[in-house]
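S.K.: sequence and predicted model, in that order:
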Amino acid sequence: MVSSMPSKTLRQRRDRAIIATSFLLATRANATASLLLKHIDVKNRCAYQIATESRIKNSKIQTAHFFPGPTIFEDILAEWVVEMRERGAVDSDALFPPDRDLDRVSRWVVPGRQPIEP
């Protein structure tokens, strides 16, 4: 499914990464949407869900390990994390910025800016 999704625009690549992350972590939509860049650990194949920073059930701290499966899902997520960092995103920024922030990507590199909220 994700291999057939378009990936020409930043918004399309974000949407592909959302699907890939949902598959890898099997998280609720709200939990996936609230992830920050610092929560993803591609090297160790996991995500850290911190109740004070993410919208997760039962207000717990959890480590969600990637489900085994086709590597395309991990590749898409890893590429998205790299692209976000290359564009100026920092640890405290949303992993999946809303459309309004994707439209302002040139402002991401401004020193001292507020974090991009999920």
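M.R.: Nice, thanks for sending it over. Everything numeric here is computed off the predicted structure, so don't read it as measured data.

S.K.: quick one: Asn30 from Ser54, how far?
M.R.: 9 Å (C-beta to C-beta, to the nearest Å). Any C-beta I mention is one placed from the backbone N, CA and C, and that applies to glycine too.

S.K.: just Arg28 next, same as before
M.R.: For Arg28, the distance to Ser54 - C-beta to C-beta - is 10 Å.

S.K.: same check, this time on Lys38
M.R.: To Ser54, Lys38 is 11 Å away according to C-beta to C-beta.

S.K.: more neighbours, these two?
M.R.: Shown here are Lys38 and Ser54; by other C-beta atoms under 10 Å, Ser54 has more neighbours (22 against 14).

S.K.: can you count the residues close to the nearest residue to that one once chain neighbours are set aside?
M.R.: Nearest residue to Ser54, sequence neighbours excluded (C-beta to C-beta, 6 or more residues apart in numbering): Ser34, at 4.5 Å. A count of nearby residues for Ser34, using other C-beta under 10 Å, gives 20.

S.K.: for Phe67, same thing?
M.R.: Neighbours around Phe67, by other C-beta under 10 Å: 12.
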